[in-house]
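Asker: Sequence first, then the predicted structure:
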Amino acid sequence: MIRNATLEDADAILELVNYNAKQGLMLSKSPYAVYKDIQAYLVYEEEGKILGCTRLSIAWNDLAEVASLA
């Protein structure tokens, strides 16, 4: 199930993003960066475990950035 992230998901998001950052696949995030933008994150969850995440950042009325795709 894909759903909006909540504050309770921040640790799982950090784990996913920073694991992939250590593999050289993406940039790492600090806890502050995730908590600050938590409302922009979506998570993919199966059986209570978060398996993926992404962040959508709206820049303008017809422009957005997909970030932190893990």
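Answerer: Done, it's in.

Asker: CA atoms for contacts and neighbours, from now on please.
Answerer: Will do.

Asker: Going by neighbour count, which residues of stretch 46-58 are buried?
Answerer: For stretch 46-58, burial by neighbour count (16 or more other Cα atoms under 10 Å) applies to 50, 52-56.

Asker: which of those lies closest to Asp9?
Answerer: Ile50 (7.9 Å; Cα to Cα).

Asker: elements contacting the helix or strand where the closest one lies?
Answerer: Secondary structure assignment for Ile50, by DSSP states H and E: strand 49-60. Where contact means 3 or more Cα pairs under 8 Å, 6 or more residues apart in numbering; DSSP states H and E, strand 49-60 is packed against helix 10-22, strand 41-46, strand 63-67.

Asker: Contacts for the shortest one, please.
Answerer: Contacts with strand 63-67, where a contact means Cα atoms under 8 Å, 6 or more residues apart in numbering, come from 54-59.

Asker: Format these as TSV; extra columns: distance to Ala21 and pLDDT.
Answerer: Output for these, formatted as TSV (distance: Cα to Cα, whole Å; pLDDT from 0 to 100):
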residue	distance to Ala21	pLDDT
Thr54	14	96
Arg55	15	95
Leu56	18	91
Ser57	19	88
Ile58	23	88
Ala59	24	88
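
Asker: closest to Glu46 among these?
Answerer: Thr54 (15.5 Å).

Asker: That closest one touches Asp37, doesn't it?
Answerer: No. Thr54 is beyond contact range of Asp37, at 11.0 Å (criterion: Cα atoms under 8 Å).
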